[in-house]
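Chemist: sequence and predicted structure are below.
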Amino acid sequence: MTTAARSPGRMSRRGQGTGPAPYDFRRPIKLSREHVRTLQMAFETYARSCGTLLTTRLRAVSSVSLVSIEQLNYDEYVASLNNPTVIAVVVLDPLPGSALMEMSTSAVMSAIDHMLGGPGGPQPERPLTEVEMPLLRGLLERMLGELRYGFENLVELQPKLKDIEYNAQFLRTHQPGDACVIATFDMKIGAEECLASICLPFNTILPVLSRTEAVVLSDAERATKDMALRNITAGLSAAPLDVAIRFQPIRMRTDDIVDLRPGDVVPLGHPTSRPLDVTVNETVFAHAVPGNQGARLACLVVPSPKESSPKESGRP
């Protein structure tokens, strides 16, 4: 069994106090409760069908159950794995990136022993032979078919087995700091019990979770979400912004700009009939005409000027 061997590695990583980490709002790296619930339904469907597959394929009582779904960096996930272990590199067409499906060596050897008519039980940890490797690939491809079935309500996956590795340190599928979603399963094959896992790149699965509507929120969760939206909207509405009123830009040569001296006059090409642009962060959102309010300069917001038709633009 591999449960005791893997738990300390994960717990030691979580216990390290690294302090606050920067958060990029353009690339959120945190699973929401709705996303976890959606993944939980997909992985539980996969686990049930995979347990049935192993029982019929291996002719031994087998079961697969979901233990947890968590978000880790890729290097944290690799540190939690045993060495050696069996890792299948999977291409998730049409999604970008590669996923990892990991099982303990003892469970794989026990499964192969059942496929060859043996009793299963404890097996030696050694590399697979040329006879055993095709059996493993066939079993993994059948398991990937059940993964496609589990995710069919979210996305039409076409997972394909790319490679099999025994040491995660040799894999170059992800960068060490990449965020990943890790689904851990309790797998029983006859008398053999172990932990298995599936590693999905966060940037690969997030667009699928963002566009799905499979999760139905309760009344309390919907009220909390609406309240958070109102609070954010109210906070953004009161945020100050720098607004600029500008003329139409002109083009000048570099030497003319360098030769500018105090008192020089630069002619602007802005038509007197055209209103000025009202901008925020270089984005034009309104138009205005200059004026004053008492002793202060001011502008009056006016409708946006209509573009002249080709017939009008051709008039002299």
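Modeler: Looks like it arrived, so ask away.
Chemist: count of neighbours near the closest residue in space to residue 96 that isn't next to it in sequence?
Modeler: Spatially, and ignoring its direct neighbours in sequence, residue 96 is nearest to residue 204 (5.9 Å; C-beta to C-beta, 6 or more residues apart in numbering). To be clear about C-beta, it is placed using only N, CA and C from the backbone, and glycine gets the same treatment. Residue 204 is flanked by 16 other residues according to other C-beta atoms under 10 Å.
Chemist: so which helix or strand takes in residue 204?
Modeler: In the assignment (DSSP states H and E), residue 204 maps to helix 202-211.
Chemist: ok, residues contacting that helix?
Modeler: When contacts are defined by C-beta atoms under 8 Å, 6 or more residues apart in numbering, helix 202-211 is touched by residues 27-29, 34-35, 38-39, 71, 92, 95-97, 99, 154-155, 178-181.
Chemist: if we use 7 Å, what do you get?
Modeler: Helix 202-211 has contacts (C-beta atoms under 7 Å, 6 or more residues apart in numbering) with 29, 35, 38, 71, 92, 95-97, 154-155, 179-181.
Chemist: all strands of the stretch 151-300 of the chain, in order?
Modeler: Assigned by DSSP state E, counting those that start in this stretch, the stretch 151-300 of the chain shows strands spanning 158-165, 179-189, 192-201, 243-246, 276-280, 283-293, 296-302.
Chemist: wait, doesn't residue 244 sit right on residue 279?
Modeler: Yes - Residue 244 is in contact with residue 279 according to C-beta atoms under 7 Å; the separation is 5.0 Å.
Chemist: just to revisit the earlier point, reformat the contacts of helix 202-211 as TSV; add pLDDT, neighbour count and distance to residue 169.
Modeler: Shown next, in TSV, are these (pLDDT from 0 to 100; neighbours: other C-beta atoms under 10 Å; distance: C-beta to C-beta, whole Å):
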residue	pLDDT	neighbour count	distance to residue 169
29	60	14	24
35	86	20	29
38	89	21	32
71	89	16	21
92	87	23	23
95	86	21	25
96	84	11	24
97	83	17	20
154	85	17	31
155	85	18	30
179	87	19	19
180	89	25	16
181	91	24	21
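Chemist: compare residue 244 and residue 279 (neighbour count), which wins?
Modeler: residue 279 (15 against 11).
Chemist: who's in contact with the more buried one?
Modeler: Counting by C-beta under 7 Å, 6+ apart, residue 279 makes contact with 244, 246.
Chemist: who's it bridged to?
Modeler: Counting by DSSP bridges, residue 279 is bridged to residue 244, residue 284.
Chemist: and the contacts of stretch 104-117?
Modeler: Applying C-beta under 7 Å, 6+ apart, the contact partners of stretch 104-117 are 2, 58-60, 82, 84-86, 120-121, 123, 125, 132, 135-136, 139, 187, 189-190, 192, 194.
Chemist: from those residues, which land in strands?
Modeler: Using DSSP state E, 86, 187, 189, 192, 194 are the members of these that sit in strands.
Chemist: the fourth one touches residue 120, doesn't it?
Modeler: Right, residue 192. Yes - contact status for residue 192 versus residue 120: in contact at 6.3 Å, counting by C-beta under 7 Å.
Chemist: what about those two, which has more around it?
Modeler: Counting neighbours by other C-beta under 10 Å for residue 192 and for residue 120 shows that residue 192 has the greater number, 23 against 19.
Chemist: if I look at the residue nearest the centre of the chain, how far off is residue 73?
Modeler: In the chain, the residue lying closest to the centroid (C-alpha atoms, centre = their mean) is residue 203, at 2.6 Å. Using C-beta to C-beta, to the nearest Å, residue 203 is found at 13 Å from residue 73.
Chemist: buried ones only from the contacts of stretch 104-117, please, as a PyMOL command.
Modeler: Those of the contacts of stretch 104-117 that count as buried under 16 or more other C-beta atoms under 10 Å are selected in PyMOL with:
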select buried, resi 2+58+60+82+85+86+120+123+132+135+136+139+187+189+190+192+194
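Chemist: what is the burial count for residue 111?
Modeler: Residue 111 has 25 neighbours, counted by other C-beta under 10 Å.
Chemist: quick check: phi and psi on it?
Modeler: Residue 111 adopts backbone torsions of phi -60, psi -40, taken as degrees, to the nearest 10.
Chemist: give me the pLDDT for it.
Modeler: Residue 111 is assigned a pLDDT of 90 by the prediction.
Chemist: about what we covered before: which of the contacts of helix 202-211 fall within helices?
Modeler: Filtering the contacts of helix 202-211 for membership in helices, criterion DSSP state H, returns 35, 38.
Chemist: so can I have TSV of the contacts of helix 202-211 showing distance to residue 50?
Modeler: Supplementary listing: these in TSV, determined by distance: C-beta to C-beta, whole Å:
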residue	distance to residue 50
29	28
35	22
38	19
71	22
92	17
95	20
96	24
97	22
154	17
155	18
179	25
180	20
181	18
